[in-house]
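> Let me see the structure of the following:
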Amino acid sequence: FQAHAYRFDDETSTFIVGAPEEVWRAAGLETMEKEDAIAYCERLFAKYLDGNKLISNATHLRGSAQWIRFPRVVCRHWVHTNAHGTPVVLMGDAAHTAHFSIGSGTKLALEDSIELARSIGQHPGDLRAALEHYEAVR
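Modelled structure (predicted):
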């Protein structure tokens, strides 16, 4: 198990608990009610919480629905030429495995688009070279 924690406001911090799915399942978290899962995590991270309680921001969800599973995205290439000869560039969620610790797919897409524009600017008149550069950098 890992925790990713940071200050949220003057009174609270965000505390994200992560684990590989097999570890999560072995602990029985997929079948626990929210309160039991929170208690489990409080015990697991007790020495880091200094007696503070964890609260859920998913009050409307029950059981395993409170846990987010980030799909693992693996792409050999981020640029594809379609049947019409037009390049299609993958960005954001289409190209990345998003996670709380690195940002949302939208943030990643913005970073991708900035790099794509930079790559095109560095290779004026040579779209192929620009796209190869973009793919290598991102």
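> so what's the spatially closest residue to residue 105 that is not a sequence neighbour up against?
Distances taken as CB to CB, 6 or more residues apart in numbering place residue 93 nearest to residue 105, at 3.4 Å, with adjacent residues excluded. C-beta: built from backbone N, CA, C; applies to glycine. Residues near residue 93 by CB atoms under 8 Å, 6 or more residues apart in numbering: 73, 105, 108-109.
> Need the buried ones from those selected in ChimeraX.
To isolate the buried ones among these in ChimeraX, judged by 16 or more other CB atoms under 10 Å, type:
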select :105,108,109
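> Domain parsing of this protein, as residue ranges.
Under the assignment the TED database, the domains of the chain span 1-69, 79-137.
> Compare the ones you listed and say which comes out lowest on pLDDT.
Mean pLDDT is lowest for domain 1-69 among the domains of the chain, at a mean of 85.
> what about that domain, distance to the chain center?
Here the centre of domain 1-69 is set off from its chain's centre by 16 Å, with CA atoms, centre = their mean, to the nearest Å.
> Same question for stretch 88-99.
With CA atoms, centre = their mean as the basis, stretch 88-99 stands 11 Å off its chain's centre.
> Can you give me the first-to-last residue distance of it?
24 Å (CA to CA, to the nearest Å).
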